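> Just a sequence and a predicted model for now, questions to come.
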Amino acid sequence: MAMSEDDDLLEACVGRLCFVQPHAHYEPPAFHRRFARRDYRWKVGARMKTTPGLQCKLSHSMFLPDCLGLGPDARWRWQGIPIALMTSATVDILPSHQNFTNDVFDGDASFRCLGVRPRARLKALTPLFGNLSLRLMVELLPTPKLVMARQFRLGTTKVTLRANMEPSSIFGSTKRPWCSLQVDLHPADTVKLMLQPVKNFLGMQYSRSIQLTPNGKGVASGVAELPANLTVFGASGLPGSVPAKLRIDSLKLSHVITDKAPKRSPLPTSVYLRASKKIGTSDLISVIPGHWIDPGYEVGAPGERDFNMEIVNILEKQLRGNGWNVLRPDRECPDLSWEEYLNWVSKQTSKGIPVLEIHGQGSKADYRGFVLGVIGDANAPLNKELAKDFGYFQMDWRDLAVPKRGGVVLESFNSDEVLQMAPWHRKWSVRRLANRITACIERASSENRLSRGIILENDREDVILALDEQTKGRV
């Protein structure tokens, strides 16, 4: 923790994002990194073994905290460790006159389904128990089982030790062991070698995966059984020796149907417009710096992204001083996906909680002679007040995802000019812009806040107007 020179507030970090605390009582949320290509995953697959028949599988993964989304405080509803709930259903399809042990296949035979085999398991996605760094998985179906794993590296090879523990049960006259050990070796990203002692032999499975398409892959695997009293490749010479069994096991194909959060459709415009008139009936407002939430390749004009953040940090401080509770999903959930953010925006604005994105752009992004302006429904109270200071940006606001969901995008500065500023000029410009935006928010919400007994004496407006006259509205 470091002290801020300006405000004597502690510095806080959420993941790799560090910032000065917005207020003295701020407590940063728990942070757990996202797991790429696992969110909301639906996957289909087919597995062919050397014996006749086919296994078809449909699997679904849900991940906490992602599947519960953001709460009204712009933080994940689930604040515990990240957990995956993985469910699947497997169907075995065999020739009608065959079973699992018969190796004879008649190409003219009809096929039959042997029923559906469900599977369900919970998996902790981060290591537990401090330095032990154990990864836990609980198998729920078809047989309850607890798996504890420990990962480490030997050079470039990733090694996983697993202990599989399950309740002892009796099938016929054979009692199953309650615990077994397994070693997984990953000498390369696409290669896996699994070793597991079973009764009087050592089981070994080798698999190699090949990425066939961006969302599909194939996995070929082979199996070897190595007895304790081993004869290599069946060569005799030792009394009572047992030959090793080597065979190709299976070929599996899988395809990921979707790995993104479902993006919900916008509500009718009239819903957002009616809700926008509630601004100030509560103290909640959302202010977000542009290009900080899941930006991908859209990082804005040169210098824009950092300036967006500087404006929002000062704007948040000023709004808090006026009694607002400012929500910042960019800070509370740094790994938020774009789809999850849009779903949250729609929920906020439909409740009458404003969502304001601060942006800027360079002169080269000139759109019909405009660089600055408001992008949003011109009938919303906040947008009307912002337009008095910044004008309207001449494009159809329905073309952008946030305004289409009741939010507003404010193109508030020319980033080309920001790049030329001296440090003192930059700091002054940030505060001036924050002052102007704060004044617009207070004007838009004054009627509803006044009805709640909130009265502000805003002496900044005259100064802002004088500055605008001197600078001709430019930053």
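Received it, and whenever you're ready, just let me know what you need. Since this is a predicted model, take the numbers as computed values, not measurements.
> name the helices or strands packed onto the lengthiest helix in the chain?
In terms of residue count, the longest helix belonging to the chain (DSSP state H) is helix 423-451. Helix 423-451 is packed against helix 304-321, strand 355-361, helix 381-390, strand 408-414, helix 461-471, with contacts defined by 3 or more C-beta pairs under 8 Å, 6 or more residues apart in numbering; DSSP states H and E. Every residue, glycine included, has its C-beta placed from N, CA and C.
> how about the strands in the stretch 251-400 of the chain?
In the stretch 251-400 of the chain, strands defined by DSSP state E, counting those that start in this stretch lie at 284-289, 325-327, 355-361, 373-375, listed in chain order.
> Make a markdown table out of those strands and add mean pLDDT.
Listed next are those as a markdown table, based on pLDDT from 0 to 100:
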| stretch | mean pLDDT |
| --- | --- |
| strand 284-289 | 96 |
| strand 325-327 | 95 |
| strand 355-361 | 94 |
| strand 373-375 | 94 |
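> Kindly compare burial across the ones you listed and name the winner.
Highest mean neighbour count among the strands of the stretch 251-400 of the chain (mean count of other C-beta atoms under 10 Å): strand 355-361, with a mean of 25.
> Can you tell me what sits against that one?
Residues outside strand 355-361 that contact it (C-beta atoms under 8 Å, 6 or more residues apart in numbering): 285-291, 300-301, 304, 307-308, 311-312, 315, 345, 348-349, 371, 382, 402, 406-415, 418, 437, 441.
> Tabulate the CA atom coordinates of that strand in PDB.
What follows is strand 355-361, C-alpha atoms only, in PDB (Å, rounded to 0.1, in the frame of the first residue of the first chain):
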ATOM      1  CA  VAL A 355     -24.700   5.300 -17.200                       C
ATOM      2  CA  LEU A 356     -22.200   7.800 -18.600                       C
ATOM      3  CA  GLU A 357     -19.200   6.800 -20.700                       C
ATOM      4  CA  ILE A 358     -16.500   9.400 -21.100                       C
ATOM      5  CA  HIS A 359     -14.600   9.400 -24.400                       C
ATOM      6  CA  GLY A 360     -12.600  11.700 -26.700                       C
ATOM      7  CA  GLN A 361     -11.200  11.400 -30.200                       C
END
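> the inter-axis angle of it versus helix 304-321?
Going by axes from the mean of the first three to the mean of the last three C-alpha atoms, to 10 degrees, strand 355-361 is angled at 140 degrees with respect to helix 304-321.
> Quickly list what Phe19 is bridged to.
Ala12 (DSSP bridges).
> residues contacting it?
With contacts defined as C-beta under 8 Å, 6+ apart, Phe19 is in contact with 11-13, 313, 331.
> can you pull the contacts of the residue nearest to Gln55 when sequence neighbours are not counted?
In space, Gln55 comes closest to Arg47 once its chain neighbours are excluded; the distance is 4.2 Å by C-beta to C-beta, 6 or more residues apart in numbering. Residues near Arg47 by C-beta under 8 Å, 6+ apart: 54-55, 57, 250-253.
> For stretch 89-101, give the mean pLDDT please.
Stretch 89-101 carries an average pLDDT of 69.
> Same check on stretch 297-313?
For stretch 297-313, mean pLDDT rounds to 90.
> How about stretch 406-415?
On average, stretch 406-415 scores 94.
> next one: it to chain centre, how far?
Taking the mean of its C-alpha atoms, stretch 406-415 sits 25 Å from the chain's own mean (C-alpha atoms, centre = their mean, to the nearest Å).
> Also stretch 72-84?
Put simply, stretch 72-84 sits 11 Å off its chain's centre (C-alpha atoms, centre = their mean).
> Then stretch 211-228?
Relative to its chain's centre, stretch 211-228 lies at 29 Å (C-alpha atoms, centre = their mean).
> Contacts made by that stretch with the rest, please.
The contact list for stretch 211-228 (C-beta under 8 Å, 6+ apart) reads 190, 200-210, 242-257, 259.
> Give the buried residues for it.
The neighbour-count criterion (16 or more other C-beta atoms under 10 Å) identifies 217, 219, 221, 223-226 as the buried residues of stretch 211-228.
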